[in-house]
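[1] Below are the sequence and a predicted model; questions follow.
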Amino acid sequence: MEATLDSLLLGFSVAFRPDVLLYAFLGCVVGTLVGMLPGIGPLAGISILLPVTFGLDATKAIVMLAGIYYGSQYGGSTTSILMRIPGEAASVMTCIDGYAMAQKGRAGAALCIAAVGSFIAGTFGVIALTVIAPPLGAFALRFGPPEYTALLVVGLVFLAYMSSTSLARTLLMASFGLLLGCIGIDVMTGHFRYAFDIPELGDGIGIVPVAVGLFGLGEILSTPSHSVTTRVAAPRLAELLPNRTEWRQSAMPIARGTVLGFLVGIVPGSAHIISSFLSYALEKRISRHPEQFGQGAVAGVAGPESANNAASTGAFVPMLALGLPTGPVTAVLMAALLIHGVPPGPQLVTEHPQVFWGFIASMYVGNLMLLALNLPLVGLFVNVLRIPYAYLYPLIIMFCIIGVYEVNHSIVDVWIMLAMGVVGYLLRKFDFDPAPLVLGLVIAPTFEMSLRQSLIMSNGAWTIFFERPIAGSLLAVSAGLLVLSLVSFLLKRKDWRDKLAEASSAESQ
Amino acid sequence: MTIPRRGLLHLAAGGAVLAALPRRSLAQSYPSRPITLVVFVPPGGAPDIVARLIGQPLSQRLGQPVVIENRPDGGGNLALQAVARAPADGTTLLLIATPHAVNVTLYEKQNVNVLRDIVPVASIDNDAFTVVVNPTLPVRTIAELIAYAKSNPGKVNMGSSGSGNLSHLAGELFKMMTGTEMVHVPYRGMPAAITALMTGDVHVVFDALPSSVSHVREGKVRAIGVTTGTRVKALPDIPPVAETVPGYVVTGWLGIGVPKGTPADIVSKLSKETNAVLADPEVVTRLANIGSEPFATSPDGFGRFIATETDKWAKVVRFANLKVE
């Protein structure tokens, strides 16, 4: 422990050097911007700026690039809350309640809670990374294909169990997402599936065009169909900050989201996207007022925002402890270290302590910077809501199209987004929840892959899922959840879903 | 605005040359517009990083920005198609890689083809693969791996970064040349396959040297062979597979190409500048840091190289019955 403190002191002595501070700040600013623009995700942002770091030393390079990564998690919440456009995939859940809060005039509060939640989660993530990285890294290694399959089954069952509308509607949406996720080259055989000779579909349907279309465009399309309140929801300065109740409501979701997000982040894969879904579902489940979710529940912003930030820090654990990237972003960061002649992995700590601890310390500093950067900007960002819809919405559509095109320079992606906008509009009309669709799309490739890998490994025997302890217990959890919902169904016990129905019927009367 | 007299003279002279030798003056003014380098993987993939490594010094030498444009589709055909249809004026470049040579056979019916539609300009690198096994597997040499696979047919799992990828084909070539049977388990990307190798979910992986070398040095996986004809600097103790299986050579390479019909002087200028970049010690160091060695060729030499590779992989694709209709 003392050795850790000594090392951290060394790290801070590096992180507080004015030049390192400057690059951390630059990274955070770029990250915030990247997070706000749909299309340019953290991955593209880091790759584009990679050559810029060639002239720098390894510490400055990694500090700046990592700043882009965690900075983007902050930025992503801004457009979600103000315009219902997920700047990147991990902020899809924030769209729902964040935007609802903005419509009630609590945009400032939502942005503040998102920023503070992100800060707490980021800082906790860094502390956990400092103290328990190596043993956790070893645990992450025990996740093979059967464990992934089981984990994703739990995720799906959990989501269905949590469903706000009905079990059938949620499963329908999730299945639709899973089917969309099957489009593209089959990694097992190399065959094109459902691509209709459109080469752009070979890599599958992107998450960004779907998320932006369903949430952003769908919202805009449906606006003219309900009576638009011309009352602009721009709050006064004093109302920008969350009030006492809102703080109290967000405290526990932030704490839970942080721990959950960090644990999910350690598991390799596109986990940090899933973390925000899981956190949202968890908060809704244990909330005493689940009917408020979707109508601007504070917990629906605080939980997922904390979870995705903690997950992005958690993703560094296997990278730093084992030299294994958990996803494409950490893979680029590893390459950046390698280009500067610093091999990541266990030797990083012993051979390049100033890089490792400087990097860790810069994350503490960077999170503080992001908070300082984002809180004052809240007042500025909220002004966007003062723009009349007639001008704001065409602008938003333009940014959606440009942003989505930029990802792969693909006009097909733009068409997908426009089509998904129409789907999003219809789903809203018929009261379907689009979130499970996005989750299905996100997990489909990994789910299919790990299921088929497991079966190849076991020579087709399904027992492989029960023979391995982690996979077995995860499946037991999902079986338990299903039994629970069956029991409550059989006993006709009033659960939170009935409360929800009562609340909505009371509302309509 | 005053026009400098010398500039005017140049213009006049240029005009005269333009009339006489239009091609030559085109190359002299080339590049007059920003250059796009089309890459077949998303940002952050290993080839993308090499493209950015090369793109930056190349733009300094050419005096025009080199913009990396990612057109991923999972196979490389989309990037090839985009460049094949671009104007043949040297402003659109293709990052050519092994998959393009493989796809000639794999996607026989595809309407674009690297041999037919692209003029090779310069190669960038050409790197060894390593045969790595889980350290608990009782196998220390290639000969032992062959014996082990033969005595446990269908029980050895071979991980790859995806079906039809080079790591898969390298394994299929090995199976073809040694008559062994191994079960192919594709993963999404090499890191996932290497993780599976460490945990023992798969037993052997044919991995590009750069991505495996640090794990080999840490002893988390055991290298038993390199796939070049000779030993490599990064792992001097590991013998080539070809010592046991004569003729077994697999390398992963990258290069630059332009659309068919690009003027020869533009090709030679691009080739000269790319080779100059590859000779830059700073670039060499950066490439070496990610485990890669520069591989400089003439446009013709690179063309012959691609043709040889195409033939080699055609046999493997047919052997493994991978052809995609």
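    That came through fine.
[2] Every contact and neighbour count from this point should use C-alpha atoms.
    Noted.
[3] buried stuff in the helix or strand containing residue B:318?
    Remark: residue B:318 resides in helix B:299-319, with elements defined by DSSP states H and E. For helix B:299-319, the neighbour count (16 or more other C-alpha atoms under 10 Å in any protein chain shown) marks B:299, B:302-303, B:306, B:309-310, B:312-314, B:316-317 as buried.
[4] does any bit of it sit next to chain A?
    No. If you take C-alpha under 8 Å from any C-alpha of the partner chain as the test, helix B:299-319 misses chain A, and the best it gets is 11.7 Å.
[5] mind checking how far that helix is from the chain centre?
    12 Å (C-alpha atoms, centre = their mean, to the nearest Å).
[6] got it, and stretch A:143-160?
    17 Å.
[7] for stretch B:240-248, same thing?
    Computed by C-alpha atoms, centre = their mean, the chain-centroid distance of stretch B:240-248 equals 22 Å.
[8] which residues are in contact with that stretch?
    The set of residues external to stretch B:240-248 that reach it, using C-alpha atoms under 8 Å, 6 or more residues apart in numbering or on different chains, is B:142-143, B:173-174, B:177-178, B:225-231, B:249.
[9] So which of those sit within helices?
    Mapping the contacts of stretch B:240-248 onto helices (DSSP state H) picks out B:142-143, B:173-174, B:177-178.
[10] Helix or strand with the lowest mean pLDDT in the chain?
    By default, I'm working from chain A. Ranked by mean pLDDT, DSSP states H and E, the helix or strand of chain A with the weakest confidence is helix A:496-508, at a mean of 58.
[11] near chain A at all, the one helix or strand residue B:266 maps to?
    Here residue B:266 is covered by helix B:264-279, with elements defined by DSSP H and E. No. On the criterion C-alpha under 8 Å from any C-alpha, helix B:264-279 is out of touch with chain A, staying 14.6 Å away.
[12] Repeat that for stretch B:142-150.
    No. Taking C-alpha under 8 Å from any C-alpha as the criterion, stretch B:142-150 and chain A are apart, separated by no less than 15.6 Å.
[13] Around chain A, which positions in chain B sit nearby?
    Residues of chain B lying near chain A (C-alpha under 8 Å from any C-alpha): B:42-45, B:49, B:52-53, B:56, B:69-75, B:77-78, B:157, B:162-164, B:183, B:185-188, B:191, B:195-196, B:199, B:201, B:214-215, B:286-287, B:289-290, B:322, B:324-325.
[14] Could you dump the buried residues of helix B:299-319 into TSV and include pLDDT?
    Shown next, in TSV, are the buried residues of helix B:299-319 (pLDDT from 0 to 100):
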residue	pLDDT
B:299	94
B:302	95
B:303	95
B:306	95
B:309	93
B:310	94
B:312	91
B:313	92
B:314	91
B:316	90
B:317	89
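[15] give the contact list for the residue sitting nearest the centre point of chain A.
    For chain A, residue A:90 is the residue whose C-alpha lies nearest the centre (C-alpha atoms, centre = their mean; 2.0 Å). Each residue near residue A:90 by C-alpha under 8 Å, 6+ apart is listed here: A:73, A:76, A:272-274, A:276, A:308.
[16] Quick check: it vs residue A:437, distance?
    14 Å (C-alpha to C-alpha, to the nearest Å).
[17] all helices for chain B, in order.
    Ranges of helices within chain B are B:5-20, B:22-29, B:46-62, B:77-84, B:98-106, B:114-117, B:142-151, B:166-178, B:190-199, B:209-217, B:264-279, B:281-289, B:299-319, based on DSSP H.
[18] May I have the helix holding residue B:266 as CSV, with CA atoms only?
    C-alpha atoms of helix B:264-279 as CSV (Å, rounded to 0.1, in the frame of the first residue of the first chain):
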residue,chain,number,x,y,z
ALA,B,264,3.4,6.1,-65.1
ASP,B,265,5.3,9.2,-63.9
ILE,B,266,2.8,9.7,-61.0
VAL,B,267,3.3,6.0,-60.1
SER,B,268,7.1,6.4,-60.1
LYS,B,269,7.0,9.6,-58.1
LEU,B,270,4.7,8.0,-55.4
SER,B,271,6.9,5.0,-55.4
LYS,B,272,10.1,7.1,-54.9
GLU,B,273,8.6,9.1,-52.1
THR,B,274,7.1,6.0,-50.3
ASN,B,275,10.5,4.3,-50.5
ALA,B,276,12.1,7.5,-49.1
VAL,B,277,9.7,7.4,-46.2
LEU,B,278,10.5,3.8,-45.6
ALA,B,279,14.2,4.7,-45.4
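[19] which parts of it are buried?
    By 16+ other C-alpha under 10 Å, the buried positions in helix B:264-279 come out as B:265-275, B:277-278.
[20] Kindly report the same for stretch A:116-124.
    Buried residues in stretch A:116-124 (16+ other C-alpha under 10 Å): A:116-124.
[21] just to revisit the earlier point, who are the packing partners of the helix holding residue B:318?
    Here helix B:299-319 touches helix B:98-106, strand B:118-133, helix B:166-178, helix B:264-279, going by 3 or more C-alpha pairs under 8 Å, 6 or more residues apart in numbering or on different chains; DSSP states H and E.
[22] Determine how far stretch B:40-59 lies from the middle of the whole chain.
    Taking mean C-alpha positions (C-alpha atoms, centre = their mean), stretch B:40-59 and its chain are 12 Å apart.
[23] What's the mean pLDDT across that stretch?
    Taken as a whole, stretch B:40-59 has an average pLDDT of 86.
[24] Highest mean neighbour count out of the helices and strands packed on helix B:299-319?
    Comparing those by mean neighbour count (mean count of other C-alpha atoms under 10 Å in any protein chain shown), strand B:118-133 comes out on top with a mean of 26.
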